[in-house]
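Asks: Here is a sequence together with a model predicted from it:
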Amino acid sequence: MNSEEEKYMLRCIQLAQNGLCNTAPNPMVGAVIVCDGKIIGEGYHVRCGEAHAEVNAIRSVKDTSLLKRSTIYVSLEPCSHYGKTPPCADLIIEKQIPRIVIGCRDPFSKVAGRGIQKLKDAGREVIVGVLETECRQLIRRFITFHTLRRPYITLKWAESSDRYIDYSRTDGKPVILSSPLTSMLVHKKRAEHSAILVGTRTAELDNPCLNVRHWYGRSPVRIVLDRQQKLSPSLHLFDGSVPTLVFTEAPHAPLPNVEYLPVSDYRRNILPELMETLYTRGLQSLLVEGGSQTLQSFIDAGLWDEIFVEEAPHLLHSGVKAPEISDGYPFATEYSFGRSFRHYTASRNSQ
Ligand code: AOF
Ligand code: ZN
């Protein structure tokens, strides 16, 4: 640990992570209030629509007379606008907190530096950029959404040790490569995303539910590509239990909780149109679960931010080849739930 400031900022990040799964489309944010080298208040943004981190941290302080000589640490620039809640910068000014240490700037166009300016204009000492990389990493989905105007994209698949994917069928039966424990991990990932997508073939052959069952959390909006209306309305995806979007040229008869989005020209690449729709709908993150062709189209278009590949200890010898990531792309190997995962991170996220 390099400094006192980094220590408190790390605590902000820890607190913020409690909001994982509940803050989207808002970012996860944590705040700590320090007086005379002691933490006197802590808070984080619990859920979208509710109080921001700074508000919860200030509320938690017992002796409010101490605020006048405290420092507030916050992982994200305090907001300056009226959204679902009033501006945090105004509250900090009103409570006469003299010093503000910020992890990173807010990329949201209604804030984007105005929170910092407001605090400086009120004569407060403002320090920006403590553990900046870590604070940006914490809200990478939010940053990608607001700067690239598309959801943060995670691709995920399981492959055999000879690089066939789990949807391969040698005798007409599905081959299950994930273990019960790694399925839990998949459900955890689902709960962390706003939307989940599969291609036509996977929807048809696997009949997945794509909901969160083996973990705590909300099920993401389901998205299926079905250009030529091949899919049967009796599939789990159309059971109405979770909002579902279908990208198609030929809508089915209406089904409850299923929305059909027309694709304008079937020869064209569907992905830019898909990105635009998800952006307009405020769906901040997308998990793509297959199949191989759909995953490959995201890779080829450069539309991904993270990739998780579960390596199963099976040999399949034949089937559908796993997607290819260009040679020499760096990855880290992670061990979770007794299995090995290759984790690729697109370099643009560290910029
Ligand atoms: C902060 N502290 O804890 C969070 C911030 O609609 P609202 O009022 O909830 O505002 C949402 C925006 O506020 C969000 O897009 C982001 O720019 C900022 N989030 N700001 O000062 C927080 N969660
Ligand atoms: Zn705020």
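Replies: Now that the structure is in, tell me what you want to look at. Ligands and ions are numbered 1, 2, ... in the order given.

Asks: residues in the chain within reach of ligand 1, list them.
Replies: For the chain, the contact set with ligand 1 under CB under 6 Å from any ligand atom comprises 26-27, 29, 45, 52-54, 76, 78-79, 83-85, 88, 106, 108, 111. Where you see a C-beta, it was placed from the backbone N, CA and C, and this is true even at glycine.

Asks: Now intersect those with the helices, please.
Replies: Judged by DSSP state H, those include Ala53, Glu54, Cys88 as members of helices.

Asks: Wait, the first one touches Gln17, no?
Replies: Spelled out, it's Ala53. No - contact between Ala53 and Gln17 fails when scored by CB atoms under 8 Å: they sit 11.8 Å apart.

Asks: Find residues that contact each of these two.
Replies: Gly30 (CB atoms under 8 Å, 6 or more residues apart in numbering).

Asks: Neighbour count: the two, which is higher?
Replies: Legend: neighbour count by other CB atoms under 10 Å for Ala53 and Gln17, higher for Ala53 (29 against 13).

Asks: Bridge partners for Glu334, pull those for me.
Replies: Beta-bridge partners of Glu334, counted by DSSP bridges, are Phe341.

Asks: for Val126, what are its contacts?
Replies: Counting by CB under 8 Å, 6+ apart, Val126 makes contact with Arg99, Ile100, Ile102, Ile116, Leu119, Lys120.

Asks: make it 7 Å
Replies: Counting by CB atoms under 7 Å, 6 or more residues apart in numbering, Val126 touches Ile100, Ile102, Ile116, Leu119, Lys120.

Asks: what's the burial count for the second one?
Replies: By the other CB under 10 Å criterion, the neighbourhood of Ile102 contains 25 residues.

Asks: what do you get for the first one?
Replies: The local packing of Ile100 (other CB under 10 Å) involves 25 other residues.

Asks: same deal with the one 5 residues further on?
Replies: Applying the criterion other CB under 10 Å, we find 19 residues in the vicinity of Arg105.

Asks: So Val126 lies in a strand, does it not?
Replies: Yes - checked against DSSP: H, G, I helix; E, B strand; the rest coil, Val126 lies within a strand.
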